[in-house]
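>>> could you look at this predicted model? Sequence included:
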Amino acid sequence: MEFKNSEPKYSGLAIIFHWLTALGIFICFPLGLYMADLKLSPTKLQLISYHKWLGVTIFGVLVLRMIWRAFNKAPALPSNTPKWQIGAAHATHLFLYVLMIAIPVSGWLMSSAKGFTTVYLGMFPLPDLIGKDKELGDTLRNLHQQLNYALLILVVLHIAAAIKHQFFDRDGLIGRMIPTFRK
Ligand code: HEM
């Protein structure tokens, strides 16, 4: 089944939220991997700051996105979509939201536990969420890392599903998030 212009699609705001979050994650994730392996140096500290600012920005956009989402339903999938695919899509989207919240929060908690206050854009100190505790800081670092690997798996699944719809099912679903793909 193909989507026509009159059929349900995401609003402009939903599309902006989606691509802002995706862009932020596509930068923050590799930056995190790269900086985590560097030896301690002024460059590493500067990159960690950029990573934190971007991560906090993603978190802010996500809070707005979730508020918007609470009042707006996602457009329905094509009526002939098998039930298991609808369930899989909903579960993936739910877990993506959970991880996109848990990752920045775990990063913020980690920074607090390690005793490094996050100063947003170098100007606005954010409150430390917990007291200094080195052991807990190390645990939270592991958690931050594992959550990111889980996110990677889900994003790969999410993109694979979009490719399947576009090139195998040819149902035009991708045009709901990328307007230039609309017929
Ligand atoms: C969606 C947002 C975020 C993504 C995708 C992300 C991703 C990552 C990744 C992939 C790593 C490397 C993990 C490793 O291999 O050890 C990392 C490390 C790190 N992240 Fe994030 N992060 C995000 C948000 C945040 C936030 C909001 C903060 C703090 C306010 C933060 C603080 C850190 C720190 C300090 C490290 C370095 C740990 C170390 O080297 O000791 N992250 N992040």
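Now that the structure is in, tell me what you want to look at.
>>> the helix or strand encompassing Leu94 vs the ligand: in contact?
Counting by DSSP states H and E, the element that carries Leu94 is helix 83-113. Yes - judged by CB under 6 Å from any ligand atom, helix 83-113 comes into contact with the ligand through 103-104, 107-108, 110-111. In this view, the C-beta of every residue, glycine as well, is placed from N, C-alpha and C.
>>> need the per-residue pLDDT for Thr57.
pLDDT recorded at Thr57 is 98.
>>> which residues touch it?
Gly24 (CB atoms under 8 Å, 6 or more residues apart in numbering).
>>> quick one: name whatever helix or strand follows the helix holding Leu94.
By DSSP H and E, the next helix or strand past helix 83-113 is strand 119-120.
>>> show the average pLDDT along that following strand.
Here the average pLDDT along strand 119-120 is 97.
>>> strand partners of it, parallel vs antiparallel please.
strand 124-125 (antiparallel) (DSSP bridges).
>>> need the residues that contact the partner strand.
117-119.
>>> tell me where the protein is predicted with low confidence.
Residues of the chain that meet the criterion pLDDT under 70 lie in 1-7, 183.
>>> what residues does the protein have near the ligand?
25, 28-29, 32-33, 36, 48, 51-52, 55-56, 58-59, 103-104, 107-108, 110-111, 118, 141, 144-145, 148.
>>> are any of those buried, and which?
By neighbour count, with 16 or more other CB atoms under 10 Å, the residues of the chain next to the ligand hold 25, 28-29, 32, 48, 51-52, 55-56, 58-59, 103-104, 107-108, 110-111, 118, 141, 144, 148 as buried.
>>> ok, the residue nearest to the spatial centre of the chain - contacts?
Note on the chain: the residue nearest the mean C-alpha position is Met100, at 4.2 Å, using CA atoms, centre = their mean. Listed by CB under 8 Å, 6+ apart, the contact partners of Met100 are 21, 25, 58, 62, 151.
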